[in-house]
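Visitor: Starting from these lines, generate the structure:
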Amino acid sequence: MTSVYLKKCSTYDFDKLKEAVRDALNATSFKNIKETDSVFIKVNCLGAYSEDLAITTNPLFLKAVIELVKEKTSHIKVGDNPANKDLVLALKKNGMYKVIEEENVDVLDGKVQTTITNPNFHTYKEFEVSKEIIDADYLINLPKLKTHTLTYFSCAQKNLFGLIYGLKKSSWHVKAPTPLDFAYVICDLYGAIKANYQEDHIINLCDGIIALEGEGPSTSGSPKEAGIILASNDAVSLDQVAIKLAKINKDKYIIGKIADDLSLGEANLDNIEILGDTIDCFSDISLREPDQGISSKAMKFLRHKVIRNVCLEHPRVNKEICVRCGECAKMCSSHALTIEKGEYPTLTSSKCIRCWCCQEVCPQHAIEKTKRPIIGKIIFK
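Guide: This is a model prediction of the structure:
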């Protein structure tokens, strides 16, 4: 039986936060880390967003983790692979870089890649990931608690997509253009990561003190107080417990269903031991789901491009707030969004795969979602 530790924590007051994080980590294999072990702390650093937006790992949450890891070992590195590639810029914007400097730990360079293999893959066998991350003895994964426009929900498993370097992540959206296909990417990647670490050397610690609801995972989402920290060695179990606490529809979280089918972790709540605070302590948590939500039964139809174009929403540029920076077009690996110098981005909707990477990287919240066409509402209700 796997376990998930729950801790009620409604503040980023550092002393209280650190003790809450200590309790959570000690409920995992964290207690087994030795002085000679190296630890990579994988934050959520989607881009250059200020901490108050609740898009990225809170800097004080990171500080607490670093200080506790220092009690075990001095071999510590911190990082992520943001979509726009400039990790240091993103870390400076959200305050994590200051913490990294103050704590005198190393930051991910990320330029050297290595190939990892999933021996039990379903669709995707090999992945290029940052060598510095996969070479660590322990991986401490720090997801934020979020809803997500593409994947419906984002937590422990989805945060590990950040092991893939920068713009290379967008190419995976082209290879896997539907939410169902992309769910197999996330699950096969998780299987490959697990195969490259010793058992229980992946520790998942979720910052759900301030969550993100609605059209996450970026600026289109809305911060929401949730007041919780979750910890587990099993990313699948942690995600399932988090979904229950958030009161959203687990049947729309395709990643979790596939992870269960592929036996990547324990998804049955009856087989997950809850440690720390009880589930009843979090009855006040409720996250608004993204509009995208589509059941797993209907998802397979989206593999047909015509159905996607006729039935689904598409990105729309709000010219009143767009600054014509072109970040959306740079990120669009299907070349659906293009931009000419001095002009606003334009969309060729027939090329759009609805990965919503454009919305993720837009610093102005200028990429909006159109309403779902009536036929789509009928088919995917």
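
Visitor: Enumerate the beta-bridge partners assigned to residue 116.
Guide: For residue 116, the beta-bridge partners under DSSP bridges are residue 127.

Visitor: just checking, it touches residue 127?
Guide: Yes. Contact criterion C-beta atoms under 8 Å: residue 116 and residue 127 qualify, at 5.5 Å. In this view, the C-beta of every residue, glycine as well, is placed from N, C-alpha and C.

Visitor: Compare those two (neighbour count), which wins?
Guide: Neighbours were counted for residue 116 and for residue 127 using other C-beta atoms under 10 Å; residue 127 has more, 25 against 21.

Visitor: counting contacts, what elements does the helix or strand that contains residue 97 pack onto?
Guide: Using DSSP states H and E, residue 97 sits in helix 96-103. Packing contacts for helix 96-103, counted by 3 or more C-beta pairs under 8 Å, 6 or more residues apart in numbering; DSSP states H and E, involve helix 59-70, helix 87-94.

Visitor: Run through the residues that contact the residue nearest the centre of the chain.
Guide: Nearest to the geometric centre of the chain sits residue 159, at 3.1 Å (C-alpha atoms, centre = their mean). By C-beta atoms under 8 Å, 6 or more residues apart in numbering, the contact list for residue 159 reads 42, 44, 141, 142, 143, 144.

Visitor: ok, the fifth one - contacts?
Guide: If a contact means C-beta under 8 Å, 6+ apart, then residue 143 has 44, 154, 155, 156, 158, 159, 204, 206, 207 as its contacts.

Visitor: didn't the fourth one look like it was pressed against residue 141?
Guide: Pointing back at residue 156 there. Yes. With contact defined as C-beta under 8 Å, residue 156 reaches residue 141; the gap is 6.0 Å.

Visitor: and these two? which has more neighbours close in?
Guide: Of the pair residue 156 and residue 141, residue 156 is the one with more neighbours under other C-beta under 10 Å, namely 28 against 24.

Visitor: and the angle for the helix holding residue 97 with helix 87-94?
Guide: Helix 96-103 and helix 87-94 are oriented at 100 degrees to each other (axes from the mean of the first three to the mean of the last three C-alpha atoms, to 10 degrees).

Visitor: Give me the distance from helix 96-103 to the chain's centre.
Guide: When C-alpha coordinates are averaged (C-alpha atoms, centre = their mean, to the nearest Å), helix 96-103 and its chain have centres 22 Å apart.

Visitor: cool, and stretch 211-218?
Guide: Distance, stretch centre to chain centre, for stretch 211-218: 11 Å (C-alpha atoms, centre = their mean).

Visitor: List the buried residues of stretch 124-134.
Guide: Buried residues in stretch 124-134, counted by 16 or more other C-beta atoms under 10 Å: 124, 127, 129, 130, 131, 132, 133, 134.

Visitor: Let's see which of those residues end up in strands.
Guide: 127, 129, 130 (DSSP state E).

Visitor: And the second one, how far from residue 233?
Guide: Using C-beta to C-beta, to the nearest Å, we find residue 129 at a distance of 20 Å from residue 233.

Visitor: do the first one as well
Guide: As for residue 127, its distance to residue 233 is 21 Å (criterion: C-beta to C-beta).

Visitor: intersection of neighbour lists for residue 156 and residue 141?
Guide: Common neighbours of residue 156 and residue 141 (criterion: C-beta under 8 Å, 6+ apart): 204, 235.

Visitor: Give me the neighbour count for residue 316.
Guide: Using other C-beta under 10 Å, residue 316 is surrounded by 14 other residues.

Visitor: now for the helix or strand hosting it, which elements pack on it?
Guide: Using DSSP H and E, residue 316 falls within strand 315-317. Applying 3+ C-beta pairs under 8 Å, 6+ apart, we find strand 315-317 packed against strand 346-347, strand 367-369.

Visitor: what about the residue lying farthest from the centre of the chain, which SS state?
Guide: Computed with C-alpha atoms, centre = their mean, the residue of the chain farthest from its C-alpha average is residue 342, at 33.2 Å. Assigned state for residue 342: coil (three-state reduction, DSSP: H, G, I helix; E, B strand; the rest coil).

Visitor: Ignoring the adjacent residues along the chain, who's closest to it?
Guide: Spatial nearest neighbour of residue 342, chain neighbours left out: residue 324 (7.0 Å); criterion: C-beta to C-beta, 6 or more residues apart in numbering.

Visitor: Equivalent analysis for residue 205, please.
Guide: residue 231 (4.9 Å).

Visitor: Quick check: the gap between the nearest residue to residue 130 once chain neighbours are set aside and residue 104.
Guide: The spatially closest residue to residue 130, leaving aside those adjacent along the chain, is residue 110, at 4.9 Å (C-beta to C-beta, 6+ apart). Between residue 110 and residue 104 the computed distance is 20 Å (C-beta to C-beta).

Visitor: Quick check: residue 242 vs residue 255, distance?
Guide: The gap separating residue 242 from residue 255 is 12 Å, by C-beta to C-beta.

Visitor: quick one: common contacting residues for the two?
Guide: residue 153.

Visitor: Compare the helices and strands packed on helix 96-103 and give me the one nearest residue 171.
Guide: With C-beta to C-beta as the criterion, residue 171 lies closest to helix 87-94 of these, at 18.7 Å.

Visitor: Alpha carbons only: can I get that closest one in PDB?
Guide: The C-alpha trace of helix 87-94 is given here as PDB (Å, rounded to 0.1, in the frame of the first residue of the first chain):
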ATOM      1  CA  LEU A  87      15.600  29.600 -16.500                       C
ATOM      2  CA  VAL A  88      17.600  32.300 -14.700                       C
ATOM      3  CA  LEU A  89      15.300  35.100 -16.000                       C
ATOM      4  CA  ALA A  90      12.300  33.100 -14.800                       C
ATOM      5  CA  LEU A  91      13.800  32.300 -11.400                       C
ATOM      6  CA  LYS A  92      14.700  36.000 -10.900                       C
ATOM      7  CA  LYS A  93      11.100  37.100 -11.700                       C
ATOM      8  CA  ASN A  94       9.400  34.800  -9.200                       C
END
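
Visitor: Kind regards, and thank you for your time.
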